[in-house]
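Asker: Here's my sequence, what's the structure:
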Amino acid sequence: MEKTRTIESVDHYILALPVDIQNITAALREIILNASPNLVEEYKWSMPNYTYKGLVCYLQASKKHVNLGFHRGVELQKKDTNQLLQGSGKGMRHIRIKKMEEIQPPVFTEFIKAAMVLNEK
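Answerer: Purely as a prediction, here's the structure:
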């Protein structure tokens, strides 16, 4: 992961988490940043957010899991063949990850890229 694409406030956010949640969050951060060189890491609403022509995705950590969230997740549900997206709000959806084994880099990367395409329209 290129250090220049990460920001210090997100580094601090991750370091303040329990170790197992730190590992999940760091792995998800790497997947997000590797999905596209155009994604910009920001720290908004007390969590890491990733933007490209608008909001794309975010990482929201808790004591027992990390949510990989999509700001326009409702629009991604037709691509969700594995029923990973959760949530009931008007627009946002998330994938809840409780352990490292649940991380699916190819699937998550496809969601991230699809979310970026939505912002191009």
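Asker: all helices for this structure, in order.
Answerer: In the chain, the helices defined using DSSP state H lie at 8-15, 19-35, 105-120.
Asker: can you put these in TSV and add mean pLDDT?
Answerer: As requested, these are arranged in TSV below (pLDDT from 0 to 100):
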stretch	mean pLDDT
helix 8-15	97
helix 19-35	97
helix 105-120	96
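Asker: right, and those - which one's nearest residue 67?
Answerer: helix 19-35 (9.4 Å; C-beta to C-beta). Backbone N, C-alpha and C define where each C-beta goes, glycine included.
Asker: how about that closest one: buried residues?
Answerer: For helix 19-35, burial by neighbour count (16 or more other C-beta atoms under 10 Å) applies to 21-29, 31-33, 35.
Asker: I'd say residue 57 and residue 71 touch.
Answerer: Yes - contact status for residue 57 versus residue 71: in contact at 6.9 Å, counting by C-beta atoms under 8 Å.
Asker: Looking at these two, which is more packed in?
Answerer: When residue 57 and residue 71 are compared for neighbours, residue 57 comes out ahead with 29 against 20, by other C-beta atoms under 10 Å.
Asker: for the more buried one, what are its contacts?
Answerer: Shown in contact with residue 57 (C-beta atoms under 8 Å, 6 or more residues apart in numbering): 32, 49-50, 68-71, 111-112, 115.
Asker: Please name the bridge partners of it.
Answerer: residue 50, residue 70 (DSSP bridges).
Asker: Just the pLDDT for it.
Answerer: Per-residue confidence at residue 57 stands at 98 (pLDDT).
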